[in-house]
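Novice: coordinates only, no sequence provided:
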């Protein structure tokens, strides 16, 4: 008598949502558009969209008028779904061997989508992002295409982060800083340049803020330790061990936000400095609860609980900069 074929194990709770968002622990699907969306990892768009908002606030010139709201939404589309989607798809393309070890359910190692279609998606997203950047420059009346140059620069950094021969992600410090700057500084610059004037002072300040983003990027490396070790990638958890890397991550996140507190006090934005301190405290609490105890098991819980306070702190800092003539400099009308 033939034994009945066992039923497949039920997908874990929440796995369908994880699949759409491109998160760890996702279920599989045969819907090609869901697969394409998973490659673009919508969960990663949020900090870039927020960064555009922060840049607009820091410009000191954004107003809630229909035309400016539409321009800001277009800038968010460029930074998030299009160029972040390009970056994530490109990264999955070059990380398919690592994902086959760490996350075999991902669309490429599972064979859910042909490589030719992945390449086409990369090209379409890149060209669409550059086209929106050019259109925003025209709308803003820029004599120098600042948004297009930022989009080109960010796209280049994304390429050398993922692709050989440079593949910056092989170097834990350099790769994570490139990722942190791409998620904090670049969208901030885009939002500020769209509505005002991007100064060297604010550019350098946001690059310093991006060192906190380096700490966040380390959190993303914990889930990939096994594959990184197998393929010789020197992520910080591989180079220093998981425990030390979790402390490095927490220190980077906290210290460089506290450095922004010092900057805010120096420019006379004392109320904003106090608010930023109050937003750092819960981050430290969640680091103790999740990150420093078991970053491999609790990376998603930590990011879900702590990152809202980090991004709110970015907005507080941006608003303070927008109100400070010392940092904002001469603003364009």
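Specialist: Looks like it came in fine. Source: prediction; values computed, not measured.
Novice: how close does residue 159 sit to residue 176?
Specialist: Separation of residue 159 from residue 176 (C-beta to C-beta, to the nearest Å) stands at 17 Å. Where C-beta positions appear, they are placed from N, C-alpha and C, glycine not excepted.
Novice: do the same with residue 137
Specialist: For residue 137, the distance to residue 176 (C-beta to C-beta) stands at 30 Å.
Novice: now residue 30, nearest residue through space, not along the chain?
Specialist: Once flanking residues are discounted, residue 30 sits nearest to residue 112: 7.2 Å by C-beta to C-beta, 6 or more residues apart in numbering.
Novice: next, count neighbours for the one you found.
Specialist: When neighbours are counted by other C-beta atoms under 10 Å, residue 112 registers 18.
Novice: which helix or strand contains residue 209?
Specialist: Using DSSP states H and E, residue 209 sits in helix 200-221.
Novice: immediately after that helix, which helix or strand?
Specialist: Next along from helix 200-221, by DSSP H and E: helix 225-231.
Novice: any weak-confidence spans in the stretch 51-200 of the chain?
Specialist: Scanning the stretch 51-200 of the chain for pLDDT under 70 picks out nothing.
Novice: list the buried ones in stretch 304-315?
Specialist: Buried residues in stretch 304-315, counted by 16 or more other C-beta atoms under 10 Å: 305-307, 309-311, 313-315.
Novice: just the ones in helices from those residues, please.
Specialist: Members of the buried residues of stretch 304-315 lying in helices (criterion: DSSP state H): 305-307, 309-311, 313-315.
Novice: neighbour-wise, which of residue 159 and residue 176 wins?
Specialist: Neighbours of residue 159 and residue 176, each counted by other C-beta under 10 Å, are more numerous for residue 176; the result is 29 against 19.
Novice: could you confirm that one falls within a strand?
Specialist: No - counting by DSSP: H, G, I helix; E, B strand; the rest coil, residue 176 is not found in a strand; it is helix.
Novice: on that earlier part again, could you export the buried residues of stretch 304-315 as TSV, including distance to residue 241 and pLDDT?
Specialist: TSV is the format used below for the buried residues of stretch 304-315 (distance: C-beta to C-beta, whole Å; pLDDT from 0 to 100):
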residue	distance to residue 241	pLDDT
305	24	93
306	22	93
307	24	89
309	27	95
310	25	94
311	29	91
313	29	96
314	30	95
315	34	95
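Novice: okay if I get the residues you listed as CSV plus distance to residue 127?
Specialist: CSV is the format used below for the buried residues of stretch 304-315 (distance: C-beta to C-beta, whole Å):
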residue, distance to residue 127
305, 37
306, 36
307, 31
309, 36
310, 32
311, 29
313, 35
314, 29
315, 31
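Novice: what's the closest of those residues to residue 298?
Specialist: Proximity of the buried residues of stretch 304-315 to residue 298 (C-beta to C-beta) peaks at residue 305, which lies at 9.4 Å.
Novice: could you list every residue that touches that closest one?
Specialist: 286, 289-290 (C-beta atoms under 8 Å, 6 or more residues apart in numbering).
Novice: dihedrals phi and psi, residue 234?
Specialist: Main-chain dihedrals, residue 234, degrees, to the nearest 10: phi -90, psi 60.
Novice: residue 271 versus residue 60, what's the distance?
Specialist: Taking C-beta to C-beta, one finds residue 60 at 17 Å from residue 271.
Novice: again with residue 33
Specialist: Applying C-beta to C-beta to residue 33 and residue 271 gives a distance of 46 Å.
Novice: who's more crowded, these two?
Specialist: Neighbour tally, residue 33 and residue 271, criterion other C-beta under 10 Å: the higher count belongs to residue 271, 11 against 8.
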